[in-house]
Structure formats: structure tokens, C-alpha cells
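# sharing a sequence plus its predicted fold:
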Amino acid sequence: MDVKFDLDARIERRGSDSYKWDDNEKLFGRSDLLPFWVADMDFATPQPILDAISARCEHPVLGYGIRSDEYFTAFQDWFRKRHQWDIPRHWMTFSPPSSIVGIHGVISMLTKPGETIAVPTPTYGPLIDLVVKNDRSIIRSSLREDEDGRFHLDVADLESKLEADTRLIVFCSPNNPVGRVFTRDELEALADLANRRNLIVVSDEVHCDLVMPGHRHIPYGTVGGERSVTVVSPNKTFNTAGIPQATLIMPDPELRDRYKAYLDRMQLNHDSTFGAEGMVAGYRHCALWLDDVITYIAGNHQFAADYLEEHVAGVCKVTAEATYLGWLDFRETGLAQADVMDRLVNIGGVGLYSGTDFGAEGEGFFRMNLACPRALLEQGLEGIRKAMK
């Protein structure tokens, strides 16, 4: 049964050991900010997921578990209905405790220290860290910005920068932070490059369910075939980052067997019990909840764009096709990144991620989390207005 929620309701999260609400001082030097930085929602996790976890707690033993048939079929049914992708069960491998741990395993398995990995940027900061902090060399290929402020995969630029030892391309689709839903033409051009250059493409698609009306996500695995690793998770979809769960979809049998051996070696072959329960409940019972959330977030995107255009000179929001993250462009203010951050924190009282956390291309940008009640978003935008007055 699908359940709807009042998305305008304000939920007090301070004092709940929330990374977003209780750890601001570490990042911003102040604990009294309104936080719009880390990517979780200020909406309640859907009730069917909470009920499933509560029901599991009626059994008093929380030991090692196995993946039931329902676990697999819930996953397959969701992607068949939501993304028109019929995923064979044997392609699915699992990545407790998170998608980043899974991508780390693929990098460790397929590359050696010093070898190069290509990453289209700006992108989710931990994807960059997975390369540089594991002693691999990063090849950065900037997304191409057109005159309308829309960002595109620049496959020609990417190919021109590849080196002889490049084995992997790691990219984020839909893109975090710029909110692009890549077209089939862009993805097919990337797949053609991967095939010609014998590369594996690792596509981080944890935001794939959060696509705005009028757009459709195309899973890279439906285009890239056996030269693809697609990473998905219910955590962004249903606001369950506290019970992390991730799946890697690997069509290539040799690659899949090697990855499963890595999981066994690292003792990563058992999911979180609550993560598994939450995933099944989300995929089975929360589709209408998600539809409501997407509609609400689309409204927040438009509200933020309109507010900035009317009230904040020199600041605009890049049009979002996916995610609940606003990519805010401060370049026309003429202020340095550090100066904008100082104003936001110490005058506006708001915490946003600096665009430079997503690569050098983020200079002049900040990322704002819009997955919150409209009234809270308005407070945050008013903080930006005060900061930039």
C-alpha cells in the first residue's frame, strides 16, 4: 500500500545525531547554521519502510541474513517498471555498506596504483577521492557548458585526454551536482569510446529515481553492455542513508566473478538486515510517495530559481533535470569563492557546499540541497539574499 505524507511538515532533526544538522561546526565553524549541504532529505522516510524495520525487530535476533527471492524480485520489478530495464538476477552483485565501497572495489580490482582513471567533472566529490586517495592518477574531462548554462558530456575531450594505461571511466548519471540527465546520444558516444578503447565505464546512478517531470533517465547498462558497471541504491530515493544499501549491476561474467571474490575476501557478502528490509519495502510500497516527492522537489527547484532571479543580483540556479540538488551560479557577483562562503556562513547563516568540492570546474558555484519543506527553503534563500545584499 502506498502512503502519502505532508511534505510541508517541519521535522526537528537537531539532537538526533544528524550529520547534516548536528555536525555543522566541523565544516563551517558554526553550529547554528541552516544546513543545505549534505544530500539527505528533511522529509520523513516513508512509513512502509519504518514499519518493515519495526516488524523485523519483533524477531529478537539480528544475526547474519541471506537475500530472499523477494529481495531480488522487488529490485527487478522496480527497475523494469521505473526504468524499462529487465535486469537478469545473475547480473546483480551487492555492495554493503555503500555504493562508494563498491566502486572502490572495482577500482582496486581493475587498476593498479599510478594508473589513470578518467572522471568527467564536476562530479560527486567522493568519486574524485576514490581515484586520488587510492594512489591512482585522475584524468579530468570538463563537462561542456553551452550558452544556455546546460552541461553536456564532452566525449571528444575525454578521448583526447586518455592515456595508454587508462582502464576505467567513472562518471555520475544523473550528474551530481549539475542535475543533468544525459541523453541516449551522449551515452552511446561514451559507450562507443569505451568499446574502441577497451575501457570499463562505472556509472554511479544513485540519483536515478529522482528525475524531474519531462525527463527520463537512461541506465548506462542498457547502452554500454558488458563494458559497464552500473551502481544503484535506494538511499537517495527513499531517504535511507542511515541504513545504506547498494547494488552493482555487472553484465560481464568474468568481471562479476572477480568482484564477488573481492566481496568474499573483504567479508562484504552480507547486507545490513535493516537495509535489506528497507529496500524491499521501498520498492514494493513507496512508488506513489516518491512521485509526490518528485513533484514537490520540482516545485522547490522552480521556487528557488524564481526567488534568486527576483531577489539576488548576480546569482542564478542552473536548470535541474534530476536530483534534489540546486547548482547555484555566483560567477556574476565577481566575488572569490572564499568570500562568498564567508558571507553565506557569517551573514546569511546558511551552509552550502562549495562548488570546488566537486572539481575545479565548480569555481563560482555552490550546491544547495532543496529536499526540504518549502518554508525552510525560503528561509535558506532569504539567508543567501542577506549574504549577498
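Right, received. Where do you want to start? Numbers count the residues shown, from 1 in each chain.

# count the neighbours of residue 146 for me.
Residue 146 has 8 neighbouring residues, counting by other C-beta atoms under 10 Å. In short, each C-beta sits where N, CA and C put it, glycine included.

# now do the one 10 residues further on
The burial metric for residue 156, expressed as a neighbour count using other C-beta under 10 Å, is 12.

# low pLDDT regions in this structure?
Where the chain drops to pLDDT under 70, the residues are 1-4.

# let me see the domain layout of it.
Per automatic domain parsing, the domain ranges recorded for the chain read 19-46+287-388, 52-285.

# nearest to residue 5, of these?
For residue 5, the closest of the domains of the chain is domain 19-46+287-388, at 5.7 Å, according to C-beta to C-beta.

# report the separation between the two terminal residues of the closest one.
27 Å (C-alpha to C-alpha, to the nearest Å).

# and the residue lying closest to residue 271 once chain neighbours are set aside, how far from residue 232?
Closest residue in space to residue 271, ignoring its immediate chain neighbours: residue 96 at 4.9 Å, by C-beta to C-beta, 6 or more residues apart in numbering. From residue 96 across to residue 232, the span is 14 Å (C-beta to C-beta, to the nearest Å).

# neighbour count for those two, which is higher?
residue 232 (30 against 19).

# for that one, give me its contacts.
Residue 232 makes contact with 79, 99, 205-206, 208, 246-247, 249, according to C-beta atoms under 8 Å, 6 or more residues apart in numbering.

# repeat that with 7 Å
205-206, 208, 247, 249 (C-beta atoms under 7 Å, 6 or more residues apart in numbering).

# please apply the same query to residue 212.
294, 298, 301, 320-322.

# looking at the contacts of residue 232, which one is closest to residue 176?
Using C-beta to C-beta, the contacts of residue 232 come closest to residue 176 at residue 206, 8.2 Å.

# just checking, that closest one touches residue 98?
No. Residue 206 lies out of contact with residue 98 (C-beta atoms under 7 Å); the separation is 9.3 Å.

# ok, those two, which is more surrounded?
Neighbour count, other C-beta under 10 Å: between residue 206 and residue 98, residue 206 has more, with 24 against 19.

# about what we covered before: Serialize the contacts of residue 232 to a markdown table and add fields for distance to residue 41.
Formatted as a markdown table, these follow (distance: C-beta to C-beta, whole Å):
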| residue | distance to residue 41 |
| --- | --- |
| 205 | 18 |
| 206 | 14 |
| 208 | 16 |
| 247 | 21 |
| 249 | 25 |
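
# tell me which of these is nearest to residue 54?
For the contacts of residue 232, the nearest to residue 54 is residue 247 (24.1 Å; C-beta to C-beta).

# for the closest one, phi and psi?
When read as degrees, to the nearest 10, the backbone of residue 247 gives phi -130, psi 140.

# please name the bridge partners of residue 172.
residue 204 (DSSP bridges).

# do residue 137 as well
residue 116.

# do I have it right that it meets residue 114?
Yes. In this structure, residue 137 is within contact of residue 114 by C-beta under 7 Å, at 6.5 Å.

# so for the two, which sits in the more crowded spot?
residue 137 (15 against 9).

# that one: what's it in contact with?
The contact partners of residue 137, by C-beta under 7 Å, 6+ apart, come to 114-116.

# helices or strands up against the longest helix along the chain?
Using DSSP state H, we find that the single longest helix of the chain is helix 287-311. Contacts defined by 3 or more C-beta pairs under 7 Å, 6 or more residues apart in numbering; DSSP states H and E place helix 287-311 against strand 316-317, helix 374-388.

# the contacts of residue 232: which two are farthest apart?
So for the contacts of residue 232, where distance means C-beta to C-beta, the most widely separated pair is 206 and 249, at 12.5 Å.

# where does the residue lying farthest from the centre of the chain land in three-state SS?
Most distant from the centre of the chain: residue 60, at 34.0 Å, with distances by C-alpha atoms, centre = their mean. Following DSSP: H, G, I helix; E, B strand; the rest coil, we place residue 60 in the coil state.

# just the strands in the stretch 1-150 of the chain please.
Residue ranges of the strands in the stretch 1-150 of the chain, as given by DSSP state E, counting those that start in this stretch, are 34-35, 92-94, 116-121, 137-142, 144-145.
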